[in-house]
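Visitor: Build me a structure from this.
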Amino acid sequence: MPEAEGKYTAKHAHKGIDARLPAIETWPNQYEGYEIKISIPEYTSICPRTKLPDFGTITIHYLPAKQCLELKSLKYYILAYRNLGIFYENAVNRILDDVARVCRPKWAVVRGEFSTRGGMRTTVEARYPRPRG
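Guide: Residues are numbered from 1 along each chain as shown. As a prediction, this is how the structure comes out:
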């Protein structure tokens, strides 16, 4: 039976989480109390099970502390997902983790709005700091 017809496995679920991606750079923030919202409408990745492409818009919304995200490096980071096998949910959470790790914002939200596939449209949202529980 081809892989696309089989069941989802732990291997599928873990795919892409630990992949090496380009570094996201930062620069020193000069102000306080303002928000940054970055929209990336050309996000693509590969479903780790079916190997079909996934398309969507990623939005990163954050309140900077001491560092801001450098956009050119963020672009290269997001482009690296193009050939990466990763589920929507994992991609959004990984992007949040990587953003939070490099710039330590006061808070951040990463939202993925993914194109309709199989008659369903999916939106995934993750927040930093992560809720306890």
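Visitor: Shouldn't Pro22 be within a strand?
Guide: No - Pro22: not assigned to a strand; according to DSSP: H, G, I helix; E, B strand; the rest coil it is coil.
Visitor: Just say helix, strand or coil for the nearest residue to it once chain neighbours are set aside.
Guide: Of all residues not flanking Pro22 in the chain, Tyr76 sits nearest, at 4.5 Å (CB to CB, 6 or more residues apart in numbering). C-betas here are computed from N, CA, C, even on glycine. Using three-state DSSP, the secondary structure recorded for Tyr76 is helix.
Visitor: and the gap between Tyr76 and Glu25?
Guide: Here Tyr76 is placed at a distance of 9 Å from Glu25 (CB to CB, to the nearest Å).
Visitor: These two: which is more packed in?
Guide: Neighbour totals were compared for Tyr76 and Glu25, and Glu25 leads with 17 against 14 (other CB atoms under 10 Å).
Visitor: my read: the more buried one touches Ser73, true?
Guide: Yes - assessed by CB atoms under 8 Å, Glu25 is found in contact with Ser73 at 3.9 Å.
Visitor: For Pro64, see how far away the closest residue to Val110 other than its chain neighbours is.
Guide: Distances taken as CB to CB, 6+ apart place Leu96 nearest to Val110, at 4.2 Å, with adjacent residues excluded. Distance of Leu96 to Pro64, computed by CB to CB: 15 Å.
Visitor: do the same with Glu32
Guide: Distance, Glu32 to Pro64, by CB to CB: 9 Å.
Visitor: swap in Tyr81?
Guide: 23 Å.
Visitor: per-residue confidence at the residue nearest to Pro22?
Guide: What the model reports as pLDDT for Tyr76 is 98.
Visitor: who has more neighbours, Glu32 and Pro64?
Guide: Ranked by neighbour count (other CB under 10 Å), Glu32 and Pro64 place Pro64 first, with 23 against 10.
Visitor: Just give me the neighbour total for the nearest residue to Pro105 once chain neighbours are set aside.
Guide: Ranked by CB to CB, 6+ apart and with sequence neighbours excluded, the top spatial neighbour of Pro105 is Tyr62, at 4.1 Å. Per other CB under 10 Å, the neighbour tally for Tyr62 reads 22.
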